[in-house]
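Student: Have a look; sequence and predicted model below, questions after that.
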There are 2 protein chains.
Amino acid sequence: MRHRLKDVAERAGVSVKTVSNVVNGYQHVRPDTRARVEQAIAELNYRPNLSARNLRKGRTGVIALAVPELDIPYFAELARHVVSAAADHGWTVLIDQTGGGPEQERKAARGIGDHLIDGLIFSPLALSADDLTGLHGTPMVLLGERVDHAPADHVMVDNVAAARETTAHLISLGRRRIAAIGSQRTAEGASARLRLAGYAEALTDAGIGYDERLVAPAPAWHRADGAAAIRHLLATGVRPDAVFCFNDTLALGALRALHEAGLRVPADVAVAGFDDIEDGRFSIPTLTTVAPDKERIARLAVELLAGRLDGDRDAPPRELVAPHRLALRESAPAHP
Amino acid sequence: MRHRLKDVAERAGVSVKTVSNVVNGYQHVRPDTRARVEQAIAELNYRPNLSARNLRKGRTGVIALAVPELDIPYFAELARHVVSAAADHGWTVLIDQTGGGPEQERKAARGIGDHLIDGLIFSPLALSADDLTGLHGTPMVLLGERVDHAPADHVMVDNVAAARETTAHLISLGRRRIAAIGSQRTAEGASARLRLAGYAEALTDAGIGYDERLVAPAPAWHRADGAAAIRHLLATGVRPDAVFCFNDTLALGALRALHEAGLRVPADVAVAGFDDIEDGRFSIPTLTTVAPDKERIARLAVELLAGRLDGDRDAPPRELVAPHRLALRESAPAHP
DNA sequence: ATCGTTGCTTACAACGTTGTAGAAACCAGG
DNA sequence: CCTGGTTTCTACAACGTTGTAAGCAACGAT
């Protein structure tokens, strides 16, 4: 029941190529011919075979966005913006959830990219620059932290500055025992490393010593990890008066665990997150957080990709920084 | 820099087809030939062109999951399960965020499906059965409420029963003025209609009158809509002692608005949601909700799709019901 | 030596589309 | 009615892959 150009052509009494011309909006087709063809297309419910078109043209009009986990709302929100930005270029976006493992990410970077899609916007978690080298079959734009010397365009936010500003804000509230949640030892944790660095810088700037006991690791950055980290801190007798979580889901988990421990936020403990996800605007209390300009990140990524597709594929990689701001809400408000 | 079978063949000194045979694991290839070919493949970093393969074979090994919004965590969580279930079949899942508009959904149902992917798991929001008829170019499995007479397989949960049980639970807590949030007038709102019906049934069963003023519409089912609905109810002088929200994000918004109004949950107002999203396990208070078995939904959907792909494409549509349970948490606990 | 048999390899065509180049139809001006 | 230019249409090849059928060795059995 699936029809081809040939079927339409026979029905309309024209050549296959003429139908193709109609489908592609080619200028020089007589109005009555066009009408006949269009009617045949409608009658047969014809739709072009994208694989064949792609094989011939080398373009599908589809790009992919590969993210570690859609459960992390940051990526879901980012996805919406990418879909919207890509629509302006006439692209369809398909989203590939890699799961964050190195093998799956490698597969996403090579596998999906292979000819089915025109380009890839990729937010890697586990892959390093080495892993990515030589994989760029299709044009690729990386999101997130800089992967040093990665052979691809890049859109990032200034993680160090954002973390420093956030920590500085907590300090300005008079807090001194500021915990950090979300550090990671693995090679993967580029974000974690940068945010930790910003945190440490702010402490140094304020003349506060870096206390390792206040830094809690988190294997993943889910709510459960944030809650577990708080419980661990409290169980070991560490009593922070503020917590900087490396993302918002960690912070929401932290809020919950603090609540369960009978601690008030922000009175006893101020809490700040990173990402500005929707949840944080409705949590109790609402969440102070770093708000990266997701819309801008998405638009820059799509534009970089468009540049690669239309222009020079071998131009040196470009690196763009998207702005961020600090969204002050109840969990660590503007003034004490 | 992209290589084809032909390049590998020349390098290995064999025919194109032999390389193809090696790539596809065909039996009768001499070990030394195979080794030569594999080395050439590795040296050239060859990877097959999926479009060409698809054109020839009619299969890509890629299926799509089309959902309205990934921002709604339910869909994000569902996506994870679908990706995982599909992996067992050797499929890659690409996710298409439709945005929920009728035009985009129609496009998703026809457009993406066109030859680039082997099958589609589709969670429609706006489309009716009529819209879907005749669109099933690729095999399709529908998720969510039954779309009457849709010409496709279907996986659903018993919305009416789930809503009735939840409302009954609120009644068993001694609540009598139970609001419902999330009703929709549009044709789209199949879920809304069914959940409202279950709510009404439970009231009738308990001999409680249906009070229209307690039923608040919500254009979308986001947190902001839930919060707005509560504010609207309170502003109009309606004082519910319980709220049944048609999904969890509505409920989270409701929790926030109740908090802002100085009402305690569950002491003053009990709250229940629908979907069992991760957020609800960490919100303050934690959220009582209908927990559909998402893992099962995903697995059933993938299996139905597998059946279509391997078997009879014209078999009559099947309809499967996935189980659900009521997850009792702080916002409307087990006993008063 | 001859004849299958089996194992391995290859040439060719086809999947549905579009770019190229050129043929046919049309039109205006002489 | 012809000429030359433009518009409209068509035949053919090609994109990279795999199924088909057939070719070519090498082998043991006759």
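Tutor: Alright, I've got the coordinates.
Student: The residue of the stretch 151-300 of chain A found nearest DNA strand C: how many residues sit nearby?
Tutor: Residue of the stretch 151-300 of chain A nearest DNA strand C, by C-beta to the nearest atom of the strand: A:Asp153 (26.3 Å). All C-beta atoms are positioned from the backbone trio N, CA, C, and that covers glycine. Applying other C-beta atoms under 10 Å in any protein chain shown, we find 23 residues neighbouring A:Asp153.
Student: So what does it have for phi and psi?
Tutor: phi -70, psi 160 (degrees, to the nearest 10).
Student: Can you classify the nearest residue to it once chain neighbours are set aside by secondary structure?
Tutor: Spatial nearest neighbour of A:Asp153, chain neighbours left out: A:Leu304 (4.3 Å); criterion: C-beta to C-beta, 6 or more residues apart in numbering or on different chains. Counting by DSSP: H, G, I helix; E, B strand; the rest coil, the backbone at A:Leu304 sits in helix.
Student: Which residues are in contact with A:Arg185?
Tutor: Neighbouring residues of A:Arg185 by C-beta atoms under 8 Å, 6 or more residues apart in numbering or on different chains: A:Pro217.
Student: follow-up on the earlier one: run a quick check on the residue of the stretch 151-300 of chain A closest to DNA strand C versus A:Val141, I expect a contact.
Tutor: Yes. If you go by C-beta atoms under 8 Å, A:Asp153 and A:Val141 touch, sitting 4.7 Å apart.
Student: Pull out the buried residues from stretch A:94-108.
Tutor: For stretch A:94-108, burial by neighbour count (16 or more other C-beta atoms under 10 Å in any protein chain shown) applies to A:94-100, A:102, A:104-108.
Student: Flag every residue of the stretch 1-150 of chain A that's near chain B.
Tutor: Residues of the stretch 1-150 of chain A lying close to chain B (C-beta under 8 Å from any C-beta of the partner chain) are A:2, A:45, A:47-52, A:54-55, A:60, A:62, A:64, A:69-71, A:73, A:76-77, A:79-80, A:83, A:92-97, A:99, A:110-112, A:114-116, A:134, A:137.
Student: part of a strand, is A:Arg106?
Tutor: No. Per three-state DSSP, A:Arg106 lies outside any strand segment and is helix.
Student: Can you check the pLDDT for it?
Tutor: Looking at A:Arg106, its pLDDT stands at 75.
Student: Am I right that A:Thr289 is in a strand?
Tutor: Yes. When three-state DSSP is applied, A:Thr289 is found to be in a strand.
Student: contacting residues around it?
Tutor: Residues in contact with A:Thr289 (C-beta under 8 Å, 6+ apart) are A:248, A:251, A:272-277, A:280, A:326-327, A:329.
Student: could these go into CSV alongside neighbour count?
Tutor: Converted to CSV, the contacts of A:Thr289 look like this (neighbours: other C-beta atoms under 10 Å in any protein chain shown):
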residue, neighbour count
A:Asp248, 28
A:Ala251, 33
A:Ala272, 30
A:Gly273, 34
A:Phe274, 30
A:Asp275, 27
A:Asp276, 25
A:Ile277, 25
A:Gly280, 27
A:Leu326, 17
A:Ala327, 16
A:Arg329, 20
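Student: hang on, the earlier thing: specify which member of the buried residues of stretch A:94-108 is nearest to A:Gly207.
Tutor: Closest to A:Gly207 out of the buried residues of stretch A:94-108 is A:Gly100 (37.6 Å), distances taken as C-beta to C-beta.
Student: you'd agree the closest one is up against A:Leu125?
Tutor: Yes. Here A:Gly100 reaches A:Leu125: they are 4.2 Å apart, a contact under C-beta under 8 Å.
Student: okay, and the common contacts of the two?
Tutor: In contact with both A:Gly100 and A:Leu125: A:Pro68, using C-beta under 8 Å, 6+ apart.
Student: Show me which residues of chain A sit near DNA strand D.
Tutor: Contact residues, chain A versus DNA strand D (C-beta under 7 Å from any atom of the strand): A:13-18, A:21, A:27-30, A:33-34, A:52, A:55-56.
Student: Please tell me which one of those counts the most neighbours.
Tutor: Of all the residues of chain A next to DNA strand D, A:Thr18 has the most neighbours under the rule other C-beta under 10 Å, reaching 21 neighbours.
Student: picking that back up, what about the residue nearest to A:Asp153, how many neighbours?
Tutor: Residues lying near A:Leu304 (other C-beta under 10 Å) number 24.
Student: With the one 5 residues further on instead?
Tutor: Close neighbours of A:Leu309, defined as other C-beta under 10 Å, add up to 16.
Student: got the contact list for it?
Tutor: So A:Leu309 contacts A:118-119, A:139 (C-beta under 8 Å, 6+ apart).
Student: and what of A:Phe122?
Tutor: Going by C-beta under 8 Å, 6+ apart, A:Phe122 touches A:65-66, A:108-109, A:140-143, A:152.
Student: and what of A:Asp96?
Tutor: A:64-67, A:108, A:112, B:92-95.
Student: Can you select the buried ones among those for me in PyMOL?
Tutor: Buried members of the contacts of A:Asp96, defined by 16+ other C-beta under 10 Å, are picked up in PyMOL with:
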select buried, (chain A and resi 64+65+66+67+108+112) or (chain B and resi 92+93+94+95)
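Student: Please say whether there is contact between the stretch of helix or strand A:Ala227 belongs to and chain B.
Tutor: Using DSSP states H and E, A:Ala227 falls within helix A:223-235. Yes. Helix A:223-235 comes into contact with chain B (C-beta under 8 Å from any C-beta), by way of A:223-224, A:227.
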